[in-house]
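Asker: here's a sequence, model it:
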Amino acid sequence: MIRLTALALSLALLPAAAGATDPAQGRVVGSADDFAVLAPRARIEPENRMLTERLETLLPRLMAEADLDLWLVINREYGEDPVYFTLVPQPSFAARRTTMLVFHRKADGTVDRLSVNRYPLGKPYESAWSGGDLDAQWKALGELVRSKDPKRIGINVSREWAVADGLTHGLHQQLVEVLPDGWASRLVSAQDLVVRWLETRAPGELAVYPHIMGIARGVIAEAFSARVITPGVTTTDDIAWYIRQRFESLGLPIWFMPYVNAQRPGETCEKDTDFCGVSGVIQPGDVLHTDVGICYLKLCTDTQEMAYVARIGETDVPQGLKDALAVGNRWQDLLTANFVAGRTGNEILARTRAAAEKEGITSSTYTHPLGMFGHAPGPTIGMWDNQGPTIGQGDWPLHASTVYAIEGNVKVRLPEWKDQWVQVKLEQGALFDGERVVYLAGRQTRWHLVR
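Answerer: Numbers count the residues shown, from 1 in each chain. So this is what the prediction gives:
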């Protein structure tokens, strides 16, 4: 067993059956209804409500912080800027031909949200132009920019951040052509605004994020149970596919293939091994690990948990494994204690490594932001293959109202396995509110027990 939130625990005890859509209720029913997952049509209203909240409350502050008078997001159908879908109302599947979004920060601090697009987007945007051909569209954009007379025009070009590098070379050339002579010097990278926009969570998002993370933890609890695992028969791939198909039955997209592996006595796991674990048929006495990620209501999760498969006659997890998980929880505490607003990811990593070494903990830290992407922009706090500074993204400072996958692992010698190393790999979503770190759906402090 693990300690779950009340929501996740209730979800873990429910039957696993495929869901069907009930149009009258706007939800996915069957087991999916037990998880309170909205049907695709019913997701549109809350997603658009949260978008409007972000545009009204976050964007003006963030544009002022980045010192931008104008922000242009220009993209073409099926070659969309990564930030585009975080800005437009649903249902949106692509940029219609060429879509131009213009954000103008006014003297009073408010931001006009304008579209220059053959097909108007509707609320929360005002159409500044629509209906003509492509040449007329570009001309209209140039006239609109001229009329605002911005001193700093943010465009999405960046050498460091992929999510802030969505303006293609061809579109950049066309933009320069329609600007007044000499105005190309007013174009500046909007990368700081893009990163802050993507990493910052609004109150409405934080209200639903614990539920989303609870769903992910609930499915893991299902998968790591005797209802799914038959020792000597079930394989690690069987569990991975169970998790994937379970999320699909809920209408929830995964953003990477779930991963499951096993550790057991006699399998190589050294102190300097990056990742311990093998694939294949699950046996009694195995230690299991999974890594899963879903996205729902535009917010993504990234979760890793551990399980133990009981041997015949066992009714509890061996004490050595309980102690190992406690070491993992201690490593989490050392990491999150170093979350201080303004510290960079590299600084947090260095302090965490020093604290762990002082306590004799063998650990590896590779924590990253979460949000509208599973690997979201923001401060990188270590990488599994680099426990030193990460140039650029590791230099980004920690801000309030940001969410992280508290990710890493510890290695502990297990007495029950003749002092063989066991690796405890953990990852849970947590909010940094500016003062403290809060696990949004709890964290694993007890082993899943398969018996």
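
Asker: from now on I want contacts and neighbour counts done on CA atoms only, so please keep to that.
Answerer: Noted.

Asker: what residues of the helix ranked longest in the chain count as buried?
Answerer: If you go by DSSP state H, the chain has its longest helix at helix 203-223. For helix 203-223, a neighbour-count test (16 or more other C-alpha atoms under 10 Å) marks 205-206, 209-223 as buried.

Asker: just stretch 99-119 next, same as before
Answerer: Of the residues in stretch 99-119, 99-105, 110-119 count as buried by neighbour count, 16+ other C-alpha under 10 Å.

Asker: mean confidence for that stretch?
Answerer: Taken as a whole, stretch 99-119 carries a mean pLDDT of 96.

Asker: and it, end to end?
Answerer: This stretch, stretch 99-119, spans 8 Å end to end (C-alpha to C-alpha, to the nearest Å).

Asker: and the contacts of it?
Answerer: 56, 59-61, 63-64, 68-77, 96, 98, 121, 124-133, 137, 140-141, 148 (C-alpha atoms under 8 Å, 6 or more residues apart in numbering).

Asker: before we move on, back to that, next secondary structure after the longest helix of the chain?
Answerer: helix 236-249 (DSSP states H and E).

Asker: next one: the helix or strand following that following helix to chain centre, how far?
Answerer: Toward the C-terminus, helix 236-249 is succeeded by strand 259-263 as the next helix or strand (DSSP H and E). Put simply, strand 259-263 sits 22 Å off its chain's centre (C-alpha atoms, centre = their mean, to the nearest Å).

Asker: ok, now stretch 178-190?
Answerer: 33 Å.

Asker: where in the chain is pLDDT low?
Answerer: 1-34 (pLDDT under 70).

Asker: for the residue with the largest distance to the centre of it, what are its contacts?
Answerer: Centroid-distance maximum for the chain: Asp181 at 41.7 Å, with C-alpha atoms, centre = their mean. Asp181 sits next to no residue when contact means C-alpha under 8 Å, 6+ apart.

Asker: before we move on, what SS does it have?
Answerer: Classification of Asp181 by DSSP: H, G, I helix; E, B strand; the rest coil places it in coil.

Asker: with Glu305 instead?
Answerer: Following three-state DSSP, Glu305 is assigned to strand.

Asker: and the helices in this structure?
Answerer: 6-12, 31-34, 40-53, 59-66, 134-148, 169-178, 191-199, 203-223, 236-249, 319-336, 345-358.

Asker: how is the protein divided into domains?
Answerer: 42-189, 201-450 (automatic domain parsing).

Asker: about what we covered before: of the contacts of stretch 99-119, buried ones?
Answerer: The neighbour-count criterion (16+ other C-alpha under 10 Å) marks 56, 59-61, 63, 68-76, 96, 98, 121, 124-130, 137, 140-141 among the contacts of stretch 99-119 as buried.

Asker: return the distance of stretch 127-138 from the chain's centre.
Answerer: 35 Å.

Asker: ok, stretch 397-417 next?
Answerer: 16 Å.

Asker: ok, now stretch 389-408?
Answerer: How far stretch 389-408 lies from its chain's middle: 12 Å, per C-alpha atoms, centre = their mean.

Asker: kindly export it (C-alpha atoms) in CSV.
Answerer: The C-alpha trace of stretch 389-408 is given here as CSV (Å, rounded to 0.1, in the frame of the first residue of the first chain):
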residue,chain,number,x,y,z
PRO,A,389,25.4,22.7,-13.8
THR,A,390,23.1,22.8,-16.8
ILE,A,391,24.2,25.8,-18.8
GLY,A,392,21.3,28.0,-19.7
GLN,A,393,18.1,26.3,-18.6
GLY,A,394,19.7,25.4,-15.2
ASP,A,395,20.4,29.1,-14.7
TRP,A,396,16.7,30.0,-14.8
PRO,A,397,15.5,31.2,-11.4
LEU,A,398,12.7,29.7,-9.3
HIS,A,399,9.4,31.6,-9.3
ALA,A,400,6.3,31.3,-7.3
SER,A,401,3.1,29.6,-8.6
THR,A,402,5.2,27.0,-10.5
VAL,A,403,4.8,23.2,-10.5
TYR,A,404,7.6,20.6,-10.6
ALA,A,405,8.1,16.9,-11.0
ILE,A,406,10.2,16.2,-8.0
GLU,A,407,12.2,13.5,-9.8
GLY,A,408,15.3,11.5,-8.9
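
Asker: report the buried residues of that stretch.
Answerer: Within stretch 389-408, the residues that count as buried by 16+ other C-alpha under 10 Å are 389-390, 393-408.

Asker: quick one: end-to-end distance for stretch 171-184.
Answerer: 13 Å.

Asker: coming back round to it: turn the helices of the chain into JSON lines, columns for distance to Val83.
Answerer: Listed next are these as JSON lines, based on distance: least, C-alpha to C-alpha, whole Å:
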{"stretch": "helix 6-12", "distance to Val83": "31"}
{"stretch": "helix 31-34", "distance to Val83": "30"}
{"stretch": "helix 40-53", "distance to Val83": "13"}
{"stretch": "helix 59-66", "distance to Val83": "13"}
{"stretch": "helix 134-148", "distance to Val83": "20"}
{"stretch": "helix 169-178", "distance to Val83": "16"}
{"stretch": "helix 191-199", "distance to Val83": "7"}
{"stretch": "helix 203-223", "distance to Val83": "17"}
{"stretch": "helix 236-249", "distance to Val83": "25"}
{"stretch": "helix 319-336", "distance to Val83": "29"}
{"stretch": "helix 345-358", "distance to Val83": "23"}
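
Asker: what's around Leu38, how many residues?
Answerer: Residues near Leu38, counting by other C-alpha atoms under 10 Å, number 23.

Asker: could you measure it against Gly251, distance?
Answerer: On the measure of C-alpha to C-alpha, Leu38 and Gly251 end up 9 Å apart.

Asker: got it, and Arg61?
Answerer: Counting by C-alpha to C-alpha - Arg61 and Gly251 are separated by 35 Å.

Asker: keep only those of the contacts of stretch 99-119 that are in strands.
Answerer: 70-76, 98, 126-129 (DSSP state E).

Asker: and Asp323, how many neighbours?
Answerer: A count of nearby residues for Asp323, using other C-alpha under 10 Å, gives 13.

Asker: tell me if I'm right that Gln444 and Ala307 touch.
Answerer: No. Contact criterion C-alpha atoms under 8 Å: Gln444 and Ala307 do not qualify, at 10.3 Å.

Asker: the two: who's more crowded?
Answerer: Taking other C-alpha under 10 Å, Gln444 and Ala307 do not tie; Ala307 has more neighbours (26 against 22).
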